[in-house]
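*Asks:* after the sequence you'll find the predicted model.
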Amino acid sequence: MFSPNYLCSILLLLVIHIQHLHSVFTPNTKDYDAYGSKITLNDHLLVLAQNSYLPPTFAIQFAPYNSTLTSSQCSLIYPNTTNTFIYSVVLGKKQNQTQLHFFFIGEHTNDQNGIFIGMATFNHSQQTSNLNSSICNASFTYSLHYLNTYSHQEYSILGVHPQGIRAYVFTNRYVAVFHAVNTSSTNLNTWDGQTTWPDESFIPHAVDLSDHFGVIAGFIQNNANATVKYSPMIYLIRFNSSDEHYRPYVAHEYQPIATPGTWQDLLTNADADVYSAKYDMSVSIDEKGNVFVGMQFINRVFLFTVNITNPIELNFVSRFTNGRSIGNGKGVAWMENGIGAVLINVYTLDYVWSSSQVYLFDIHENGYNSNSTPLSIFPNSHQLLPSSFSSIFLNIVSSPSSLALLDDKGNVLIFTPTQSQYYPAVITTGSSPFITSAKSCMAGTFKNKSGIHDCVLCRTGTKNPGNASDACIPCSSDAFCPLGSVADVSKSTLETVYQVVPYPHSPESTIFDEILIQTMFSIGSGRCLFVSPLFWALIVASIVIVIIIIMEIMHLFIKHPQSRKIRKVLQAIFRHMDLISDGEYWISGLVSFSVVVLVGFSYAFSNEYLRQYPIEKPSDAYFTCDKSMRNAKFDTNVQSLAIPLTHDEQEMFDLLNEQEFTLNVDFINTLVNCDAVSIQAQFGLTWSTIRWSDCNNINATLTLSVPLPYQHISVKVFLEDTKVMGAIRIGFSAHGRNEEKYSLLSLDFSQSFWKNEYVLSREESDFGGIYIPTFTVDMNSLFVSNDQYVRSSATITTLAIVISETPYYVKNVQQPIARKSEVIFRNLLFTVVCLEIFGLIFLSYKLLFKPLYVGIIRNRLKRKTMKHDNEEPVRSYY
C-alpha cells in the first residue's frame with residue numbers, strides 16, 4: 001500500500017510528464033500549407049522549403065527562369081538535418097545579384113532548442129549555373145539565432161525589407177528583427193508583443209513590407225460574452241528610423257465588418273487562435289502603395305491605398321467577394337504594370353477543397369470590385385496544368401515580374417513575363433519547377449503590354465488573323481465580326497434558308513368574277529395607278545374624245561374638199577373597227593379601242609393570275625396593285641400521327657420516311673481546321689464514330705457535311721481546338737423524288753445562330769411533302785461573353801444535336817380559286833359584258849346625246865340662214 005506522500009510524488013511526476021509531452025511540436029511535414037509560406041521568389045532566386053524530404057532541404061532555383069543550361073537549380077540541406085520544420089522563407093523583392101540570401105523561420109520538432117530564425121547566404125554570386133547539390137551546400141553559409149525564451153506560437157510570420165537588409169518575426173507574444181548586415185547575436189532584437197499591438201490579443205496571420213511601411217493582417221479576440229470570438233483586423237505599421245533596429249509600430253488600423261444578414265455575419269471564428277489553413281490570410285504591396293489583403297475565411301480580398309511619402313492611413317478602395325464559399329484570397333501578389341494576381345480556391349464552409357484558379361486583374365486600367373472581369377484566369381483552355389502538377393493550389397508569390405505557383409505536392413510552376421503579342425505557354429518539362437515559354441497570341445486575340453497574363457479577345461467589330469499583333473484591326477463595315485473575330489466574313493454567310501412558306505389566310509374574296517371586276521375597275525395611286533386597266537382604258541377614251549372633237553371640227557369649220565375626203569376615209573376605217581354597233585357608227589369604232597384595252601388587260605391579268613398557284617412557286621404579283629395576290633385558298637390544321645392515314649396520305653409519308661438526311665454545320669469566323677473535328681452518333685445506348693462526307697475551311701468558315709444513318713438520331717460534333725468561333729449555322733439537305741402525283745421536295749434549309757456586348761388533301765390531287773425544321777436552342781449556353789470566355793478552362797467544343805419528330809403534322813390544303821377552264825369562260829363572259837356595257841353607253845348616246853347635239857347644230861344653222869336672209873334686201877337698195 002502506497003503512502004500519501006509517495007502518491008503525491010507520483011502524481012506530480014505524471015503531471016510534469018504530461019506537460020512535457022504537450023510541449024513537443026509535431027507538424028505534418030508533408031503539408032506545404034502548414035504554419036506559413038514555404039515558397040519565396042525574386043528576380044534572382046526562388047526558394048522552396050521541403051520539410052518532407054530526407055534530409056529536409058531548400059530547393060533553390062537561380063535566374064534566369066527558363067529551361068536552358070544558364071538556369072541552375074540545386075538542393076540545400078537544412079542547418080539541422082533532423083527534427084527541423086521550416087515555417088516560412090522570404091526574399092526581398094529588390095535584392096540584387098550580390099545579395100543572394102534568404103531568410104527563414106522554423107522550429108525543431110523536439111524540445112531541445114525550440115524556435116529559430118536564420119539566413120542562408122550564397123557566397124559565389126558569379127557562379128549560378130551548372131550547380132549540383134555538393135557545390136550548392138558548399139556555397140551557402142547559415143546564420144541562426146534561437147528564440148529560447150519563447151515557447152511555440154501557433155502563428156509566427158516572417159516579413160522582409162524589400163532590399164533584404166533585415167527580416168521581422170511577428171507573433172502574438174513578441175516581435176523580432178534580424179539584421180542581414182551584421183549577423184551577430186547582438187543584431188537579433190525582440191520586443192514584447194503587448195508593446196507593439198494596440199490590442200494585446202492580436203494574432204498575426206500575414207504580412208508584407210515595403211520601403212516605408214508594412215501591412216499585417218490577423219485576428220483580435222473579443223470579450224468572453226461576444227458571439228464572435230475572434231474578429232479580423234488589419235494594421236498599417238511603420239518603422240522607427242531613429243531606432244537602430246527600426247522598431248515597428250502601428251500607425252493605423254482597419255477592421256473588416258461583415259454585412260448584417262450575410263453568411264459571414266454568422267461566423268464565430270472560435271478556433272482562430274489555433275493554426276488552421278482555413279484561417280490563412282495574404283498581404284501584398286506594390287511600388288505605388290496599393291495593398292491587397294486576402295481573407296479566405298470570409299471569401300474576400302480588400303484593396304487599399306497608402307500614401308508612400310506619408311504612410312499614416314489605410315485608405316479602403318474596394319473589395320472582391322466570390323460568393324458563399326471559402327478560398328478567395330488564399331494568396332495575393334502584385335505584378336508589374338498594375339496587374340494583381342489572386343489565388344481563388346473554392347472550399348466548402350467545412351473547408352473541403354473544390355477548385356483552384358489564379359485570377360489576373362488589370363487593376364490600374366479597369367479597377368477592382370466584385371463585378372470586375374479578370375484579364376485572364378489560369379488554368380484555361382490553352383494554358384493547361386502539366387500532367388504531374390496537382391490541381392490543388394496553395395500559394396502564389398511574385399518577383400514582381402514573374403509569378404510562382406505552389407501546389408499541395410510541393411511542385412512549382414513559374415510564369416515568366418512575355419512581351420506584347422505573346423503569352424506564357426505552360427510547357428510540361430516532367431519535373432518541378434515547371435517554367436513557361438513565350439508563344440504567339442492565337443488568332444482572334446491580342447496582347448498590348450508585357451506581363452504574365454494571357455491574350456484577350458478582339459472586341460466586336462475588330463479582328464486579328466493570327467499575325468501576333470499587339471492590337472486588333474477594324475473590320476469592314478459590311479462584315480460579320482463578333483467577339484474574337486479572325487477575318488472579315490460576309491454577312492450573307494449568316495443567311496437563314498427557309499423552304500416552307502407560311503400559309504396565309506384565304507383572301508377576302510374567293511370568287512374569280514369579283515376579283516376580276518375589282519381588278520379591272522379600280523384605280524389606286526402610285527404604282528397601283530400604272531397597273532390599273534381602267535386607268536389605261538380612260539387614257540384611250542381621252543384620246544378617242546380628242547379624235548372625235550377633231551373630226552367634228554373638220555366637219556363644221558373646214559370646208560375644203562380634201563378635208564372632207566380625209567374625214568370620210570377615217571369614218572370608214574372606224575366603222576370597220578366597230579365592235580359595239582356592227583359598223584353602224586364610226587364613233588363606236590373609236591370607243592371600241594377602250595373596250596379592246598380593257599378586255600386585253602383582263603386576258604393578261606387572268607393569264608398571270610393562273611400562274612399564282614401554288615403559293616410556293618410564284619414571286620410577288622407585280623401585274624396588279626396587290627402584290628400578295630395569289631390564286632389560292634387555304635385550309636390549315638394540325639393532325640395527330642396517331643390518327644390512321646388515308647392511302648394517299650400514307651404514300652406521301654412513306655416517301656418522307658425514306659428520305660436520307662445530310663447534316664450541314666458551319667462554324668463561322670474561326671480558323672479551326674478539319675483535323676480537329678470528330679463526330680459521334682448514338683446507336684441505341686452506344687456512341688459510335690461516324691465520318692463526314694465533306695469538310696473544309698474557306699474564308700474563315702469551317703463547313704461540315706455529315707450523312708446521317710437515320711432520321712431520328714443524336715449527333716455530337718467535337719472540336720478539339722481552343723480557337724474561338726463567332727457563329728454557327730445548322731441545316732439539313734436531302735434529295736427530292738417525284739412519283740406520279742406525289743412530289744417529295746428536296747430538303748435544303750439552314751438556320752444561323754449568333755449573339756451580339758438567335759401538305760395533304762382527301763380529294764384526287766397532287767401530294768407534296770417536306771420536313772419543317774424547328775430549333776430549340778439555349779443561346780445563353782451556346783454562346784459565352786468575354787467574361788465567361790476568360791473563366792472557361794474547356795479545351796474542347798462539343799455541339800450536341802438531337803433530331804426528333806413531333807407527334808403531329810401540319811396539314812395544309814391549298815386549292816386554286818380559279819382553274820384554267822373557268823378563267824377562259826369568265827374572260828369570255830367579261831368580254832361580252834364589256835361590249836354590252838359600252839353598247840348601253842352608245843345607245844344612251846344615240847337616244848340622248850346625239851338628238852340633243854343634232855338639235856343644237858340645226859338650230860345654229862337655222863339662225864345663221866335667217867340672219868343671212870334678213871341682210872340681203874338691205875344690200876339690194878344700194
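*Replies:* Yep, it's here. These numbers come from a predicted model, not from an experiment.
*Asks:* can we go C-alpha only for contacts and neighbour counts from here?
*Replies:* Noted.
*Asks:* what about the helices in this structure?
*Replies:* 4-22, 133-139, 363-366, 512-520, 527-530, 533-556, 561-576, 586-610, 647-658, 779-782, 786-791, 820-844, 850-876 (DSSP state H).
*Asks:* got JSON lines for the ones you listed, with mean pLDDT, mean neighbour count and distance to Pro162 too?
*Replies:* JSON lines is the format used below for the helices of the chain (pLDDT from 0 to 100; neighbours: other CA atoms under 10 Å; distance: least, CA to CA, whole Å):
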{"stretch": "helix 4-22", "mean pLDDT": "35", "mean neighbour count": "11", "distance to Pro162": "38"}
{"stretch": "helix 133-139", "mean pLDDT": "78", "mean neighbour count": "15", "distance to Pro162": "24"}
{"stretch": "helix 363-366", "mean pLDDT": "91", "mean neighbour count": "14", "distance to Pro162": "22"}
{"stretch": "helix 512-520", "mean pLDDT": "86", "mean neighbour count": "16", "distance to Pro162": "94"}
{"stretch": "helix 527-530", "mean pLDDT": "86", "mean neighbour count": "15", "distance to Pro162": "84"}
{"stretch": "helix 533-556", "mean pLDDT": "80", "mean neighbour count": "16", "distance to Pro162": "96"}
{"stretch": "helix 561-576", "mean pLDDT": "74", "mean neighbour count": "15", "distance to Pro162": "116"}
{"stretch": "helix 586-610", "mean pLDDT": "83", "mean neighbour count": "21", "distance to Pro162": "91"}
{"stretch": "helix 647-658", "mean pLDDT": "80", "mean neighbour count": "15", "distance to Pro162": "77"}
{"stretch": "helix 779-782", "mean pLDDT": "64", "mean neighbour count": "11", "distance to Pro162": "47"}
{"stretch": "helix 786-791", "mean pLDDT": "73", "mean neighbour count": "18", "distance to Pro162": "33"}
{"stretch": "helix 820-844", "mean pLDDT": "82", "mean neighbour count": "16", "distance to Pro162": "98"}
{"stretch": "helix 850-876", "mean pLDDT": "65", "mean neighbour count": "11", "distance to Pro162": "122"}
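*Asks:* what's the closest of those to Val724?
*Replies:* If you check each of the helices of the chain against Val724 by CA to CA, helix 786-791 wins as the nearest, at 9.4 Å.
*Asks:* check which helices and strands that closest one sits against.
*Replies:* Taking 3 or more CA pairs under 8 Å, 6 or more residues apart in numbering; DSSP states H and E as contact, the helices and strands that helix 786-791 lies on are strand 376-378.
*Asks:* one step back: for the helices of the chain, which one sits closest to Cys441?
*Replies:* helix 786-791 (14.4 Å).
*Asks:* just how off-centre is that closest one within its chain?
*Replies:* 7 Å (CA atoms, centre = their mean, to the nearest Å).
*Asks:* returning to what we had before: in TSV: the helices of the chain, plus distance to Tyr351.
*Replies:* What follows is those, written out as TSV (distance: least, CA to CA, whole Å):
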stretch	distance to Tyr351
helix 4-22	26
helix 133-139	38
helix 363-366	29
helix 512-520	81
helix 527-530	77
helix 533-556	87
helix 561-576	109
helix 586-610	78
helix 647-658	57
helix 779-782	30
helix 786-791	23
helix 820-844	84
helix 850-876	113
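*Asks:* ok, which of these comes nearest Asn51?
*Replies:* Using CA to CA as the criterion, the shortest distance between Asn51 and the helices of the chain is 16.8 Å, found for helix 133-139.
*Asks:* need the residues that contact that closest one.
*Replies:* Outside helix 133-139, the residues within contact range by CA atoms under 8 Å, 6 or more residues apart in numbering are 74-77, 122-124.
*Asks:* quick check, nearest of the residues you listed to Tyr609?
*Replies:* Of all the contacts of helix 133-139, Cys74 has the smallest distance to Tyr609: 92.9 Å, by CA to CA.
*Asks:* ok, what's across the strand from the closest one?
*Replies:* Beta-bridge pairing of Cys74 under DSSP bridges involves Ile60.
*Asks:* hang on, it packs against Gln61?
*Replies:* Yes. Counting by CA atoms under 8 Å, a contact exists between Cys74 and Gln61, whose distance comes to 6.7 Å.
*Asks:* out of the helices of the chain, flag the one nearest Pro374.
*Replies:* By CA to CA (comparing all of the helices of the chain), the closest turns out to be helix 786-791, at 7.1 Å.
*Asks:* neighbours around Ile298, how many?
*Replies:* By the criterion of other CA atoms under 10 Å, Ile298 has 26 neighbours.
*Asks:* give me the pLDDT value at it.
*Replies:* Confidence at Ile298, expressed as pLDDT, is 95.
*Asks:* also Lys811?
*Replies:* 74.
*Asks:* likewise for Val784?
*Replies:* At Val784, the model reports a pLDDT of 66.
*Asks:* I'd like to check what contacts stretch 515-529. Which residues are they?
*Replies:* Outside of stretch 515-529, the residues within contact range by CA under 8 Å, 6+ apart are 509, 532-535, 598, 601-602, 606, 624-625.
*Asks:* quick one: end-to-end distance for it.
*Replies:* 17 Å (CA to CA, to the nearest Å).
*Asks:* give me the low-pLDDT residue ranges for the stretch 401-550 of the chain?
*Replies:* In the prediction, the stretch 401-550 of the chain carries residues with pLDDT under 70 at positions 468, 500-503.
*Asks:* repeat the analysis, applying 80 as the threshold.
*Replies:* 428-430, 467-469, 498-506, 508, 545, 547-550 (pLDDT under 80).
*Asks:* can you map out the strands along it?
*Replies:* Counting by DSSP state E, counting those that start in this stretch, the segments of the stretch 401-550 of the chain that form strands are 403-407, 412-415, 422-425, 434-435, 437-440, 445-446, 456-457, 462-463, 473-474, 479-480, 489-490.
*Asks:* who's the residue nearest to Ile668 when sequence neighbours are not counted bridged to?
*Replies:* Closest residue in space to Ile668, ignoring its immediate chain neighbours: Thr701 at 4.5 Å, by CA to CA, 6 or more residues apart in numbering. Using DSSP bridges, the beta-bridge partners of Thr701 come out as Ile668, Ile698.
*Asks:* how about Arg737?
*Replies:* On DSSP bridges, the residues paired with Arg737 through beta bridges are Leu744.
*Asks:* right, and it touches Leu745 too?
*Replies:* Yes. When contacts are counted by CA under 8 Å, Arg737 is listed as touching Leu745 (6.7 Å).
*Asks:* between the two, which one's more packed in?
*Replies:* Higher neighbour count among Arg737 and Leu745: Leu745, with 19 against 15, using other CA under 10 Å.
*Asks:* Val293 touches Asn299, doesn't it?
*Replies:* No. Using CA under 8 Å, Val293 is not in contact with Asn299, being 11.2 Å away.
*Asks:* got any residues that touch both of these two?
*Replies:* In terms of CA under 8 Å, 6+ apart, Val293 and Asn299 are both contacted by the residues Gly329.
*Asks:* compare those two (neighbour count), which wins?
*Replies:* In this view Val293 and Asn299 are compared by other CA under 10 Å, and Val293 has more residues nearby, 29 against 23.
*Asks:* which residues touch the more buried one?
*Replies:* Val293 makes contact with 217, 281-284, 301-303, 329, 332 under the criterion CA under 8 Å, 6+ apart.
*Asks:* circling back to that earlier point, from Ser485, how far out is the residue nearest to Ile668?
*Replies:* Taking CA to CA as the measure, Thr701 and Ser485 are separated by 11 Å.
*Asks:* how about Asn240?
*Replies:* With distances defined as CA to CA, the gap from Asn240 to Ser485 amounts to 57 Å.
*Asks:* which of these two has more neighbours?
*Replies:* The residue with more neighbours, out of Asn240 and Ser485 and counting by other CA under 10 Å, is Ser485; that gives 31 against 12.
*Asks:* hmm, that one is touching Gly466, no?
*Replies:* No. Counting by CA under 8 Å, no contact exists between Ser485 and Gly466, whose distance comes to 10.1 Å.
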